[in-house]
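K.L.:
build the 3D model from these lines:
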Amino acid sequence: RDMGRLFLISLEGSTYSCKHCQTQLALLDDIVSKSFHCRHGKAYLFEKVVNVNVGEEEERMMITGMHTVADIFCVGCGSIVGWKYESAHEKCQKYKEGKFILERFKVLGPDGSAYWVGRDPQVGSDADDA
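P.N.:
Numbers count the residues shown, from 1 in each chain. This next block holds a predicted model:
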């Protein structure tokens with residue numbers, strides 16, 4: 001099935017992109033925090049992300065408590081690249097609402113580098129939060 005032409009938002013500057021198809025996803029300048037963890041290691045919290053489709057909302061228990069999240073998928077190849085925080089149940093976690101997580105394992109950094117699982121010695125048991 002041909003769904004028509006894909007219109008991608010083009011970003012200027014240092015970007016993070018899908019490791020499978022190199023579609024641009026986010027600007028380095030939009031990182032809110034680099035201290036997040038996911039199943040595969042590091043994850044970054046972004047103010048905004050482009051060129052993604054947002055999946056179904058679901059309740060997910062994270063290390064920091066219960067959150068309503070939706071997985072996000074690259075529009076270029078359909079691979080899952082992270083999730084969007086729709087709402088946080090704890091007051092101290094409200095700052096995450098409307099923001100996005102990109103898993104470092106699933107994206108290329110601004111210099112084109114891939115992040116490989118197990119390369120980072122700090123990843124410990126607190127990485128299993130999803």
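K.L.:
any idea which element the residue most central in space within the chain lies in?
P.N.:
By CA atoms, centre = their mean, the chain has its centre lying nearest to residue 102, at 1.7 Å. Counting by DSSP states H and E, the element that carries residue 102 is strand 100-103.
K.L.:
ok, for the residue nearest to the centre of the chain, nearest residue in space, not its chain neighbours?
P.N.:
Excluding the flanking residues, the one nearest residue 102 by CB to CB, 6 or more residues apart in numbering is residue 82, at 4.3 Å. Every C-beta, even on glycine, is put in place using the N, C-alpha and C of the backbone.
K.L.:
same question, residue 43
P.N.:
Closest to residue 43 by CB to CB, 6+ apart is residue 36, at 4.2 Å.
K.L.:
now the one you found. Its backbone dihedrals?
P.N.:
phi -100, psi 160 (degrees, to the nearest 10).
K.L.:
pull the contacting residues for it.
P.N.:
42-45, 101 (CB atoms under 8 Å, 6 or more residues apart in numbering).
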